[in-house]
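>>> what's the 3D shape of this:
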Amino acid sequence: MTETIEEFASVDKPPSYYEKLNRDINELNNRLHAFNLLSKIDRGVPFSVKDNICVNGVESTAGSPILKGYIPPFDATVVEKIKQASFSFIGKTSMDEFGFGTFGINCDTPAKNPFDEERVAGGSSSGAAVATAILKHHIAIAESTGGSISAPAAFCGVVGFTPTYGAVSRYGLIDYANSLDKIGVMARNSSDLRYAFDIIRGTDDYDSTCTNRAIENFSTNKLTVIKELVENVDSEILEPFNSLLDTLKGQGYSVEYKSLEILKQSIPAYYIISMAEASTNLAKYTGFKYGHKNMEFTENYNLFFTNSRTAFGTEAKRRVILGTFVRSASVKNRYYFKALNIRNTIIAALKETLKDSLIISPTMPVFTPKFSEVKELTPVQNYSMDAITIPPNLSGLPHMSFPYTYLNGMPVGAQIVTDHFNDYALISFLEAWEKSFKPKFKYNIGAI
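Numbering: from 1, shown residues only. Purely as a prediction, here's the structure:
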């Protein structure tokens, strides 16, 4: 049985293999809604793309009705690179509208968790995680702003890798927040993750934020637990996490506990910055050049503009309103610029810790919730679920969620963080962890 993508790619497959692969994906997708668009493939290794990343000739909506019908005439740089490496595009994965969400429910048809269809898949890269959890040989190209790769990866029992900001080109990404967005990868194992990251990383003339700085692998056996990251974690998650720490100690790691009070400011700083940038990015969807086309040209400008933007969902409207407020002239010094200063302080504090250590924590503070439970949460309670994933995202630090145990048949993930441009240290950590832990999957579509 082939286990890695490289092994899979080296095996000749008859046409019947791809016929069955396409049929099985379609059938299961009718239940789980991992993909909002499927393409038929007949060769290569399947790869999927989050719906806010452009694929030439394929509708790309970022999960929003306001972009329905938008068909890019070009490939995002990451898509172009992976196509050139004998991968075949299999579909666009579902997501929260413009990436606004933690549970994958802010869209028309939410993806369902493959381990329990009554539970959420996580967000905003919900479909990418589900696609990875159901396909044996597959790479999902996803994107993270505040935890959009780590959260669904943890809930769906796959590996979610978010690189250093600037290590992977963002050209062709429909942005949520430009200073925070990072394109990354979901996979089932370290070998596939390394293989994909080697392909997509690197400088790009089309993206001025993308750097040619070398990616390092400074590994360490020292792990740090930040008290502020675990103090609000539910006991049913904290208990197995402490058992994970004991296991890692037995494998030769040392574990140190440390307090970083400034991390308590991560959530307000993140949401102020991200909403301000989101409101700026969404301002172009006026119904003239971009966005839902309102053909009532006899209306006055304000009414035309308002009617065009009714296609935004509730969460998008909320973030436009709040983001516009915090960057308004009267309060931007009090909120937006203060949040930028807090971000700089958080970056400095985390980098000091990461000089000789990796930071480890649970990925999410709660057990994978049911759809019915998530619907009862207030917006503030929703935002608080990102408390652990926000600090590395706010800081542009590379981080990875990996499965380490199962509770009541559901996977549980832990998050590991390292310093800027030390991304390969995370993959090396995962390689070592895989020697003692084998993930479980309910579906293995495409297995040979």
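>>> how about His420, nearest residue that isn't a chain neighbour?
Nearest residue to His420, sequence neighbours excluded (C-beta to C-beta, 6 or more residues apart in numbering): Thr164, at 5.1 Å. Placement of C-beta: from N, CA and C, glycine included.
>>> count of neighbours near that neighbour?
23 (other C-beta atoms under 10 Å).
>>> check the offset of the worst-scoring helix or strand of the chain on mean pLDDT from the chain's centre.
None of the helices or strands of the chain scores lower by mean pLDDT, DSSP states H and E than helix 301-308, at a mean of 80. Put simply, helix 301-308 sits 33 Å off its chain's centre (C-alpha atoms, centre = their mean, to the nearest Å).
>>> same thing with stretch 255-263?
25 Å.
>>> when you give positions from now on, start the count at 7
That works, and once the first residue is 7, the last one we named lands at stretch 261-269.
>>> now do the same end-to-end measure for it.
20 Å (C-alpha to C-alpha, to the nearest Å).
>>> quick one: mean pLDDT over it.
Averaged over stretch 261-269, pLDDT sits at 98.
>>> mind listing what's buried in that stretch?
Leu266, Ile268, Leu269 (16 or more other C-beta atoms under 10 Å).
>>> ok, so of the residues you listed, who is nearest Ser150?
Leu269 (18.1 Å; C-beta to C-beta).
>>> which non-adjacent residue is nearest that closest one?
Leu269 sits nearest to Glu234 (C-beta to C-beta, 6+ apart), 4.4 Å away.
>>> please name the residues that touch Tyr277.
For Tyr277, the contact set (C-beta atoms under 8 Å, 6 or more residues apart in numbering) comprises Leu328, Tyr389.
>>> so what's the residue count around the residue lying closest to Ser150 once chain neighbours are set aside?
Leaving aside its chain neighbours, Ser150 sits nearest to Thr168 (4.5 Å; criterion: C-beta to C-beta, 6+ apart). By other C-beta under 10 Å, 35 other residues sit near Thr168.
>>> right, and Thr168 touches Met406 too?
Yes: with contact defined as C-beta atoms under 8 Å, Thr168 reaches Met406; the gap is 7.0 Å.
>>> quick check, the residue nearest to Leu269 in a strand?
No: applying DSSP: H, G, I helix; E, B strand; the rest coil, one finds Glu234 to be helix, outside a strand.
>>> would you map the strands across the stretch 157-306 of the chain?
For the stretch 157-306 of the chain, the strands defined by DSSP state E, counting those that start in this stretch cover 165-168, 188-193, 228-232, 260-264.
>>> so which of the ones you listed is the most packed in?
Across those, averaging neighbours per residue (mean count of other C-beta atoms under 10 Å) puts strand 165-168 on top, at a mean of 32.
>>> what packs against that one?
strand 145-150, helix 156-162, strand 188-193, helix 196-206, strand 405-413, helix 429-439 (3 or more C-beta pairs under 8 Å, 6 or more residues apart in numbering; DSSP states H and E).
>>> Ile396 contacts Gly153, correct?
Yes: Ile396 lies in contact with Gly153 (C-beta under 8 Å); the separation is 6.3 Å.
>>> those two: which has the busier surroundings?
Gly153 (32 against 25).
>>> re earlier: ok, so of the buried residues of stretch 261-269, who is nearest Asn35?
Leu269 (38.6 Å).
>>> buried set for stretch 400-417?
Those would be 400-410, 416-417, for stretch 400-417 by 16+ other C-beta under 10 Å.
>>> can I get the CA coordinates of it in PDB?
C-alpha atoms of stretch 400-417 as PDB (Å, rounded to 0.1, in the frame of the first residue of the first chain):
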ATOM      1  CA  LEU A 400      -0.800  37.900  14.500                       C
ATOM      2  CA  SER A 401       3.000  37.500  14.600                       C
ATOM      3  CA  GLY A 402       3.500  35.900  11.200                       C
ATOM      4  CA  LEU A 403       5.200  32.900  12.900                       C
ATOM      5  CA  PRO A 404       5.200  29.400  11.300                       C
ATOM      6  CA  HIS A 405       2.900  27.000  13.200                       C
ATOM      7  CA  MET A 406       1.400  23.600  12.700                       C
ATOM      8  CA  SER A 407      -1.600  21.600  14.100                       C
ATOM      9  CA  PHE A 408      -1.100  17.900  14.300                       C
ATOM     10  CA  PRO A 409      -3.400  15.100  15.600                       C
ATOM     11  CA  TYR A 410      -2.200  13.300  18.800                       C
ATOM     12  CA  THR A 411      -5.200  11.500  20.300                       C
ATOM     13  CA  TYR A 412      -8.900  10.700  19.900                       C
ATOM     14  CA  LEU A 413     -11.700  11.300  22.400                       C
ATOM     15  CA  ASN A 414     -15.100   9.600  21.800                       C
ATOM     16  CA  GLY A 415     -14.000   8.900  18.300                       C
ATOM     17  CA  MET A 416     -13.100  12.500  17.500                       C
ATOM     18  CA  PRO A 417      -9.500  13.700  16.800                       C
END
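>>> ok so, going back, tell me the helix or strand right after the least confident helix or strand of the chain.
Later in the chain than helix 307-314, the nearest helix or strand by DSSP states H and E is helix 320-332.
>>> any idea which helix or strand comes after that following helix?
Past helix 320-332, the next helix or strand by DSSP H and E is helix 342-359.
>>> average pLDDT for that following helix?
pLDDT averaged over helix 342-359 gives 98.
>>> from what I can see Ile145 touches Ile88, true?
Yes: counting by C-beta under 8 Å, Ile145 touches Ile88, with 7.2 Å between them.
>>> need the contact list for the spatially most central residue of the chain.
The centroid of the chain falls nearest to Ile155 when counting by C-alpha atoms, centre = their mean (2.0 Å). Contacts for Ile155 (C-beta under 8 Å, 6+ apart) come out as Ser131, Ala134, Ala148, Glu149, Gly166, Phe167, Thr168, Gly190, Met192, Ser407.
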